[in-house]
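Chemist: Any chance you could fold what I've pasted below:
(one chain, ligands or ions: 2)
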Amino acid sequence: MKGYVQVYTGDGKGKTTAALGLALRAVGAGLKVYLAQFIKRGTYSEINALKRFSDSVTVEQFGCGRFAKGKPSAEDISAARKGLARIKEIISSGQYPVVILDEANVAVSCGLLAVQDLLDIIDLKPEDMELVITGRDAAPQIVEKADLVSEVNAIKHYFQNGVTARIGIEK
Ligand code: ATP
Ligand code: MG
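Modeler: Ligands and ions are numbered 1, 2, ... in the order given. Now for the predicted structure:
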């Protein structure tokens, strides 16, 4: 089956969960999924849930556990670069028909990765692999290169009223 490059961006809620929904569907179809999470570190409830599908889903985190604001630390950058190398390895292995790079757009906009790094990954994608990239502030070059781009627009978000991420709902 031919695979495409999908991007879920925008400032509304639903980017990561859309990618997780796609992963669930893929698992149901017997497809193996590789999920890399940038920025994030630690227990997100989806990681717990995906453990039940450990024969079909591999999850790896390449973040330092916070939104990198301002100048990224050397630790943030080295975690992201480690992710980049690992993802290239995974894609080249041809073992995963579905690869999801959660928050990769944020890794680029924070300066943890160069846009070119992400473009190189897209170039590496074999014909039959689906590549999903999530995160607000997708770079125009990524949008240009993708086959599908969905922008989640925040008409309202309770974050604005001080509601931070809740276990089971946002994390
Ligand atoms: P979900 O994982 O629920 O699908 P998402 O992937 O679309 O959401 P992200 O952009 O990855 O959402 O946001 C991660 C978290 O950042 C949110 O769960 C929320 O707590 C917080 N957040 C939401 N809006 C803002 C904002 N304007 N600025 C900073 N943090 C925000
Ligand atoms: Mg997200």
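Chemist: quick one: low-confidence ranges for this structure?
Modeler: Across the chain, the ranges flagged by pLDDT under 70 are 66-69.
Chemist: Tell me which residues touch whichever residue of it sits closest to ligand 2, please.
Modeler: Residue of the chain nearest ligand 2, by Cβ to the ion: Thr16 (3.2 Å). Yep, even glycine has a C-beta here, placed from its N, CA and C like the rest. The neighbours of Thr16, taking Cβ atoms under 8 Å, 6 or more residues apart in numbering as the test, are 8, 46, 102-103, 134.
Chemist: Closest to Val163 out of the residues you listed?
Modeler: Taking Cβ to Cβ as the measure, Val163 lies nearest Glu46 of those, at 19.2 Å.
Chemist: Leaving out the residues flanking it, which one is nearest to the most centrally placed residue in the chain?
Modeler: Geometric centre of the chain, nearest residue: Asp102, 1.2 Å, by Cα atoms, centre = their mean. Once flanking residues are discounted, Asp102 sits nearest to Gln37: 4.5 Å by Cβ to Cβ, 6 or more residues apart in numbering.
Chemist: Shouldn't the one you found be within a strand?
Modeler: Yes: assessed by DSSP: H, G, I helix; E, B strand; the rest coil, Gln37 belongs to a strand.
Chemist: Kindly report the residues of the protein close to ligand 2.
Modeler: The chain comes close to ligand 2 at residues 15-16, as judged by Cβ under 5 Å from the ion.
Chemist: residues in the chain within reach of ligand 1, list them.
Modeler: 11, 13-17, 136, 152, 157, 159, 164-165, 170 (Cβ under 6 Å from any ligand atom).
Chemist: From the centre of the chain, point out the most distant residue.
Modeler: Distance to the chain centre peaks in the chain at Asn161, reaching 26.2 Å (criterion: Cα atoms, centre = their mean).
Chemist: before we move on, back to that, for the residues of the chain next to ligand 1, give me TSV that also has secondary structure.
Modeler: Output for those, formatted as TSV (three-state DSSP):
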residue	secondary structure
Asp11	coil
Lys13	coil
Gly14	coil
Lys15	helix
Thr16	helix
Thr17	helix
Arg136	coil
Val152	coil
His157	coil
Phe159	helix
Thr164	coil
Ala165	coil
Glu170	coil
